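Novice: pasted the sequence and its predicted model underneath.
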Amino acid sequence: MGRWEHRYLGWDRFPDPSTPIEIEQLFTLESDELACARARRTPLHRLAVALHIVFLKTTGRLLNSVEIVPVSVLEYLGRQLGCTPPRITSIRGLYRRRRTLFDHQQVAIDVLGLDMLGEHAERGLVAYLRREATAVFDPSELMARARSWLADHHYLLPHERRLRRVVTGARRHRQRGLLKAIGAVVGAATMRGWVDRLTALHEPSGVTCLEWLRVAPPGKSARSLEEQIAKVLLLKELGAANLTLPDLPLAGLEHFARPMMTRKPAALARLTERRRTLEIACFLRRQLLRLTDAGIELIDHRIADLWRGARDRAEASEAGQLRRYRSMVADLCRLLDDERLSAAQLRFGLRSVIAQAAPATMPTRVAAIRQELGRQSKDLAGLLELARAIDLGISGHHPLATAFMVWTVSRPRDRRHCRRVPSSPSASPGSASSSRRIGPQHWDVIAPPRCWR
């Protein structure tokens, strides 16, 4: 049976297909099934046996309902059996004796070769569901997979209550394993304090810590970034950084954490301990991952914003310098056109104009932007401090780790420790790039823009 045919498994009524192709695929009798149906004495009993067979093949259950059988199904089976079916009927309307109904159900079971779900088969189903429960967390999806397993192994579907009990047992077995893993990584004392910490009042916001952790950042400002980092630090205090569960995929983390996104803090005390612990642990881990990603995005936005502002100021400075050069050229032209000036007066005027307009050095665009960023060293230092608070877990060879080391260890504390930045091979000895100097206010500039990427 193909997977597409499993969508009707577990139905307690006849499906009503809408297309002739679907009717043909679902309700065509095989040769042995057709022979079994034609062996009945009366046309109504032949039709009844055919209905039992196709219903059992399609849904995996026995047909015993007062629901009206779709006319399209009756007509299609009538053409196969060579009889005229009634226009309106149910399966019970085709029998006078209840015993005949049970006999025809058994005939359908025998001709399809189905078995009852015994104790040995149930153990196989439980083992299958426990394996599936590691990746499937929706109870309805797990029920559908249980029905598909039974159909593939030629078992008659048991009562829905029994099947749900087996699925619930498999899910609880999986949850017990997760709770054991959670207790091993965070400890019982930390887990006992979760409810009190989450229901406590967060004074700056005026709401509980649980509600505060669920609030999305209001914007991309520096204040929003600080609030995100504060949430990350609180989650780490609650042990969220240690809740690394390799056997729990992200889909499972989302499934168990989803109820906590809308649950009221007062409702935590009414939950069972096992359910509350599992949901809180997954919620804390999910929020830590989500807030860390959001914090990195905000830091990236702040770096780009600071760099963009420094670039705009550097470009404005270059434009101002260009205007001064133009003014200088105009003044030079005016001096040269003045025939009343002597040679000495002309030389003095030229030196005065050039001295006023020409700067001591001509920094490159990169050097000018770096100098502008150096004037914002306080903002950059705070940004690096927030980036370190996230604790990204990077290796020692990562460029960002080098930036943190430069900022915390190698940063000079005095301007006397200023050093020259090595010039590029293409820089000439007299160019501005060969004489660039940075002081302590510029050390923070080296780290964020290039190493963060």
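Specialist: Done, it's in. Numbering: from 1, shown residues only.
Novice: mind listing what's buried in stretch 134-143?
Specialist: Residues Val136, Phe137, Leu142, Met143 are the ones in stretch 134-143 that count as buried (16 or more other C-beta atoms under 10 Å). (Each C-beta comes from the backbone N, C-alpha and C, glycine too.)
Novice: same check on stretch 260-278?
Specialist: In stretch 260-278, counting by 16+ other C-beta under 10 Å, buried: Met260, Arg263, Pro265, Leu268, Leu271, Arg276, Thr277, Leu278.
Novice: so which of those residues is the closest to Leu129?
Specialist: Leu278 (18.5 Å; C-beta to C-beta).
Novice: contact partners for that closest one?
Specialist: Gln175, Leu178, Leu179, Ile182, Phe256 (C-beta atoms under 8 Å, 6 or more residues apart in numbering).
Novice: likewise Val71?
Specialist: Arg87, Ile88.
Novice: go again with 6 Å.
Specialist: With contacts defined as C-beta atoms under 6 Å, 6 or more residues apart in numbering, Val71 has no neighbours.
Novice: from Ala37, how far out is it?
Specialist: Going from Val71 to Ala37 by C-beta to C-beta, to the nearest Å gives 19 Å.
Novice: again, but for Pro70
Specialist: 18 Å.
Novice: mind checking which of the two has more residues around it?
Specialist: Neighbour totals were compared for Pro70 and Ala37, and Ala37 leads with 26 against 16 (other C-beta atoms under 10 Å).
Novice: what helix or strand is that one on?
Specialist: Under the criterion of DSSP states H and E, Ala37 resides in helix 31-38.
Novice: check Leu178 too.
Specialist: Using DSSP H and E, Leu178 maps to helix 160-186.
Novice: can you count the residues close to Glu24?
Specialist: For Glu24, the count of nearby residues is 11 (other C-beta under 10 Å).
Novice: that older thread, Val353: which of the contacts of Leu278 is nearest?
Specialist: For those, the nearest to Val353 is Phe256 (76.0 Å; C-beta to C-beta).
Novice: element containing that closest one?
Specialist: Here Phe256 is assigned to helix 250-257, by DSSP H and E.
Novice: so who does the spatially most central residue of the chain touch?
Specialist: When C-alpha atoms, centre = their mean is applied to the chain, the residue found nearest the centroid is Leu250 (6.9 Å). By C-beta under 6 Å, 6+ apart, no residues touch Leu250.
Novice: quick one: pLDDT of Arg365?
Specialist: On pLDDT, Arg365 comes in at 80.
Novice: mind starting the numbering at 603 from now?
Specialist: Got it, first residue is 603 now, which makes that one Arg967.
Novice: what sits closest to it if chain neighbours are left out?
Specialist: Excluding the flanking residues, the one nearest Arg967 by C-beta to C-beta, 6 or more residues apart in numbering is Ala916, at 6.5 Å.
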